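Novice: build me a model:
(one chain, ligands or ions: 1)
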Amino acid sequence: MTLSNGIRYLATPGPSVMPEEVLRAMHRSAPNIYFGPLHDLVDGLIPDLKRIARTSGDVAIYTANGHGIWEGALCNVCRRGDRILALSTGRFTEHWSEVGARLGLIPELIDFGRRDSLDPSRIEEALKADAAHQIRAVIVCHVDTSTGVRNDIAPIREILDRLEHPALLMVDTMASLACDRVEMDGWGADVLLAGCQKGLMTPPGLAFIWFNEKASAARERSDMATPYWDWVPRTRPQGFYQYFFGTAPTHHLYGLRTAVDMILEEGLEAVWRRHEILASAIWAAVETWGEGGAMELNIPQAHLRSHAVTAVRLPGGGKRLQDWLEANVGLTLGMALQIGGPDDPRSEGHFRIGHMGHVNAQMIMGVLGSIEAGLEALGIPRGEGAVAAAAKVIAEGAAG
Ligand SMILES: Cc1ncc(COP(=O)(O)O)c(C=O)c1O
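Specialist: The predicted structure follows:
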């Protein structure tokens, strides 16, 4: 006997749940890539991708994942030996800076820890110390998916401007685009990155780089833009094949078109608000469980938390809980990455809940009710009333 048969919920922070509409749009035979509707589809996607990133800049589409466009973005704007400043609030900016080092760049990493956001004074100090303006780019994750922190990006632009420092501001929005408020131009970001497998609700395989004129000027002095990563032909194509430097990722494009239509139909502001309410419901539940046990939100301050992924600390219990949920109720939670990584003994017991993209209130209530069942089954001490606390948030949110 099992209680896990039925629709499984992959509540991991990417890949996220894919809408049936997206999957159906992809389920078709191969299209003509030389002319016809596929070309129109791509021409139409480009302005819509810019709307979602809130920019009037350019966007290049790649057949790639997040690791790919980390490399692609740096290649377009740097020269080998350039210095970059990496602002780390979790593993992902760290990894991006390691990619930079392997490309021949010289990263300087400021570590803000695993439970907090950026400290502007330390960023200012590092940039002030660079009087010769050797730092070419500041790289940062808007949301670091490993810790669940959401960083404020506009203050970094304010510091750069105040110091008249010319470094580019490059922002990874892999885990926030179409979930949390992202405003590329409003923030003053020069380069923005994202993939399709989280808020954009499409199977992994596409990734995007948005860039403004300042980043285009940096492209002129770059000596690392290899043919595949070069964003110039992809954004100024002489023929359709240049959009993708080869065969177009046809079926992903159909899926993405449908996902983007769904997002724009709901409205970006409504999408952001939905994520905010659902995230608040999860936090209310975790806080209530924490009143009678060891469970704790990784990011203590609510205004610094992502609305798309929540990292939870449950020393000694989380792995058992994940295994129980997987085996018994058909729910997959994200593994712990917030400390050293899944193999770090200090991570033992922590977990993450992905609540990004195609997620609604009943799915979140199902996740929380299932966790309650798991805690009960495993005899893990906890506060009473967590699911009711979440239900209250949902009820209030639904009422507007
Ligand atoms: C913030 C962030 N950046 C980059 C990546 C890397 O993306 P990928 O796994 O598609 O290479 C991830 C993956 O989860 C991420 O969350």
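Novice: which residue is it, in this protein, that comes closest to the ligand?
Specialist: Closest to the ligand within the chain is Gly66: 2.1 Å, counting by Cβ to the nearest ligand atom. For every residue, glycine as well, the C-beta is placed using N, CA and C.
Novice: so what's that residue scoring on pLDDT?
Specialist: Predicted confidence (pLDDT) at Gly66: the value is 98.
Novice: if I pick it, what's in contact with it?
Specialist: 172, 174, 193, 195, 207 (Cβ atoms under 8 Å, 6 or more residues apart in numbering).
Novice: turn those into TSV, including secondary structure.
Specialist: Converted to TSV, those look like this (DSSP: H, G, I helix; E, B strand; the rest coil):
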residue	secondary structure
Asp172	strand
Met174	coil
Leu193	strand
Gly195	strand
Ala207	strand
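Novice: thinking Ala25 is in contact with Asp261, fair?
Specialist: No - Ala25 is beyond contact range of Asp261, at 9.2 Å (criterion: Cβ atoms under 8 Å).
Novice: who has more neighbours out of these two?
Specialist: Ala25 (19 against 15; other Cβ atoms under 10 Å).
Novice: quick one, helices of this protein?
Specialist: Using DSSP state H, the helices of the chain run over 20-26, 37-53, 66-77, 91-102, 120-128, 154-162, 184-187, 213-221, 231-235, 250-266, 268-290, 318-328, 361-378, 386-398.
Novice: now what about the shortest one, what contacts it?
Specialist: Outside of helix 184-187, the residues that reach it under the criterion Cβ under 8 Å, 6+ apart are 53-57, 153-154, 157, 169, 171, 192, 210, 212.
Novice: how about stretch 267-278?
Specialist: 51-52, 54, 178-181, 199, 263, 266, 307-308, 355-356, 359-361, 364, 393-394, 397-398.
Novice: buried subset of those?
Specialist: 52, 54, 178-181, 199, 263, 307-308, 355-356, 359, 361, 364, 393-394, 397 (16 or more other Cβ atoms under 10 Å).
Novice: from the contacts of Gly66, which are also near the ligand?
Specialist: 172, 174, 195 (Cβ under 6 Å from any ligand atom).
Novice: just the buried residues out of the residues you listed, in ChimeraX syntax.
Specialist: Only the buried entries of the ones next to the ligand among the contacts of Gly66 go into this ChimeraX selection, using 16+ other Cβ under 10 Å:
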select :172,174,195
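Novice: which of the ones next to the ligand among the contacts of Gly66 lies closest to Ile46?
Specialist: Minimum distance to Ile46 across those is 16.8 Å, recorded for Gly195 (Cβ to Cβ).
Novice: list the contacts for Leu193?
Specialist: For Leu193, the contact set (Cβ under 8 Å, 6+ apart) comprises 66, 69-70, 73, 170-174, 207-210.
Novice: ok, so of those, who is nearest Gly369?
Specialist: For the contacts of Leu193, the nearest to Gly369 is Met174 (29.1 Å; Cβ to Cβ).
Novice: for the ligand, what are the nearby residues on the stretch 151-300 of the chain?
Specialist: Residues of the stretch 151-300 of the chain that fall close to the ligand, judged by Cβ under 6 Å from any ligand atom: 172, 174-175, 195, 204.
Novice: now with 5 Å, please.
Specialist: Proximity of the stretch 151-300 of the chain to the ligand (Cβ under 5 Å from any ligand atom) is limited to residues 172, 174-175, 195.
Novice: any low-confidence regions in the stretch 201-350 of the chain?
Specialist: Residues of the stretch 201-350 of the chain meeting the criterion pLDDT under 70: 338-348.
Novice: for the residue nearest the centre of the chain, give me the pLDDT.
Specialist: Geometric centre of the chain, nearest residue: Ala175, 1.0 Å, by Cα atoms, centre = their mean. With respect to pLDDT, Ala175 scores 98.
Novice: phi, psi for it please.
Specialist: phi -100, psi 10 (degrees, to the nearest 10).
Novice: make 38 the starting number, not 1.
Specialist: Done: numbering now begins at 38, and the last item shifts to Ala212.
Novice: quick one: contacts for it?
Specialist: Counting by Cβ under 8 Å, 6+ apart, the residues that Ala212 touches are 50-51, 129, 178-182, 235-236, 343, 345-346, 393.
Novice: so among these, where is pLDDT lowest?
Specialist: Among the contacts of Ala212, Gly51 has the lowest pLDDT, at 92.
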